[in-house]
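Visitor: just to be clear, the model below is a prediction. Sequence and coordinates:
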Amino acid sequence: MDIDLLFAVIKQSEWRQISQQERLKPASFEQDGSVNSFTGEHAEEIINHYFDGTEQLLLIVLDPLRIQSPIKRIKTDGFEFIAIQGEVKMDAIIDKIKLKADKKGSYSVHVKHFD
């Protein structure tokens, strides 16, 4: 799979527990055993679809070369996700970006890829 960066979103309140476990296992991990991530081009659309603007979020930036679990593309709710089928070790997280909704309750996320 030719992907430069992957992104995942968690509630800011989840970060303390995740960082203590030393593995990225968001609450949704317990349901299907995978971490649903996405590429930058889909970030804003996905975040605004699944989060209502009332929560402070963290955009987690992942290096796919550091992910040791199997990765596959899946479609859910009309969106394309990259499902990481297993836990993600903390060394795959290369950055965390705080997201806060605007007054209308929308998140503005612009991820640009430069060659």
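Guide: Yes, it's here.
Visitor: how close does the residue sitting furthest away from the middle of the chain sit to Phe79?
Guide: For the chain, the residue at maximal distance from the C-alpha centroid (CA atoms, centre = their mean) is Lys103, at 23.0 Å. Using CB to CB, to the nearest Å, one obtains 25 Å as the distance from Lys103 to Phe79. Just so you know, the C-beta spots here come from the backbone N, C-alpha and C atoms, and that holds for glycine as well.
Visitor: circling back: confirm the residue farthest from the centre of the chain sits in a helix?
Guide: No - the assignment for Lys103 (DSSP: H, G, I helix; E, B strand; the rest coil) gives coil, which keeps it out of a helix.
Visitor: pLDDT score for it?
Guide: Lys103 is assigned 90 on the pLDDT scale.
Visitor: ok, now Lys100?
Guide: At Lys100, the pLDDT value in this model is 90.
Visitor: give me the nearest residue to it, chain neighbours excluded.
Guide: The shortest distance from Lys100 to any non-neighbouring residue, by CB to CB, 6 or more residues apart in numbering, is to Gln56 (5.9 Å).
Visitor: residues contacting that neighbour?
Guide: With contact set as CB atoms under 8 Å, 6 or more residues apart in numbering, Gln56 has these partners: Lys11, Gln12, Ser13, Lys98, Leu99, Lys100.
Visitor: list only those of these flagged as buried.
Guide: For the contacts of Gln56, a burial check counting by 16 or more other CB atoms under 10 Å picks out Leu99.
Visitor: looking at the contacts of Gln56, which is nearest Leu5?
Guide: Sorting the contacts of Gln56 by distance to Leu5 puts Leu99 at the head of the list, at 16.0 Å, by CB to CB.
Visitor: shouldn't that closest one be in contact with Ser106?
Guide: No - the pair Leu99 and Ser106 does not pass the contact test of CB atoms under 8 Å, sitting 10.6 Å apart.
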